[in-house]
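> sequence first, then the predicted structure, then my questions.
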Amino acid sequence: MGRPKWSLRYGGVSQLERALQLLRPFCDEVFISCQQGQELPAEFDPWPKIEDSVPADGPLAGILSAIRREPSAAWLVLACDLPGLEQATLRALIVARNGRAMATAFRSPADGLPEPLCAIYEPSIATALESGLRTGVFSPRKLFTELEVILLDPVQPGWLTNVNSSAEYESATRTLMR
């Protein structure tokens, strides 16, 4: 894509800023997950960060780093490449949350698999994620297929459409401007 997905702008606002603002009403604290030494623009200095402290590739590093930081907390995890996300998305997730399950997530409208990057991770999932790390299973999606996870169908399929290419970005920009 040529640039970080968090920096993509929709309506003049970066996707990272938009995600942070979406989370704020639902969370006591909102953190930015980033790689060790990753530099972000000064506008994000006021937001607390959790640097990856786990030797893994991809989102598992950030998720496990957060869980290790506060193992008794439930973590609402949100990717920074979901421009169609709305507060109603997060509200639906929170209302359906079941603390007895390891996680609550949406089912992807694209393939029916769990969407672990818009999900609530319960403290009980830590052991399974650590096991995945030890065995080289770094995909939260794959891990979710093997765990007790509550899966919800999204009310609006566009909520979970992610942006991974320039063409998808252009499409999302046109859709959001309607």
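Sure, I can see it.

> so what's residue 158 closest to, chain neighbours aside?
residue 84 (4.1 Å; CB to CB, 6 or more residues apart in numbering). From N, CA and C alone the C-beta is placed, and that goes for glycine too.

> let's verify the one you found: helix, strand, or coil?
Here residue 84 is recorded as coil under DSSP: H, G, I helix; E, B strand; the rest coil.

> these two touch, right, residue 123 and residue 100?
No: counting by CB atoms under 8 Å, residue 100 is not a contact partner of residue 123; they are 11.6 Å apart.

> mind showing which ranges of this protein have poor pLDDT?
1, 176-178 (pLDDT under 70).

> which strand in it has the most residues?
strand 114-121 (DSSP state E).

> return the distance of that strand from the chain's centre.
Its chain's average C-alpha position is 6 Å from that of strand 114-121, according to CA atoms, centre = their mean, to the nearest Å.

> likewise for stretch 86-97?
In terms of CA atoms, centre = their mean, the centre of stretch 86-97 is set 13 Å apart from its chain centre.

> can I get that stretch in CSV, CA atoms only?
Output of stretch 86-97 as CSV, limited to C-alpha atoms (Å, rounded to 0.1, in the frame of the first residue of the first chain):
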residue,chain,number,x,y,z
GLU,A,86,-19.3,2.7,14.0
GLN,A,87,-20.1,3.1,17.6
ALA,A,88,-23.0,0.8,17.1
THR,A,89,-20.5,-1.9,16.1
LEU,A,90,-18.7,-1.7,19.4
ARG,A,91,-22.0,-1.3,21.4
ALA,A,92,-23.3,-4.6,19.8
LEU,A,93,-20.1,-6.4,20.7
ILE,A,94,-20.2,-5.1,24.3
VAL,A,95,-23.8,-6.0,24.8
ALA,A,96,-23.3,-9.5,23.5
ARG,A,97,-20.1,-10.0,25.6
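
> can you mark which positions in that stretch are buried?
Neighbour counts over stretch 86-97 (16 or more other CB atoms under 10 Å) mark 89-90, 92-93, 97 as buried.

> please enumerate the helices of this protein.
15-23, 59-69, 87-96, 126-135, 140-145, 166-176 (DSSP state H).

> so which of these is nearest residue 117?
helix 59-69 (6.0 Å; CB to CB).

> which positions in that closest one come out as buried?
Applying 16+ other CB under 10 Å to helix 59-69 flags 59-67 as buried.

> adjacent strands (with direction) for the longest strand of the chain?
Here strand 114-121 is paired, per DSSP bridges, with strand 75-78 (antiparallel), strand 103-107 (antiparallel).
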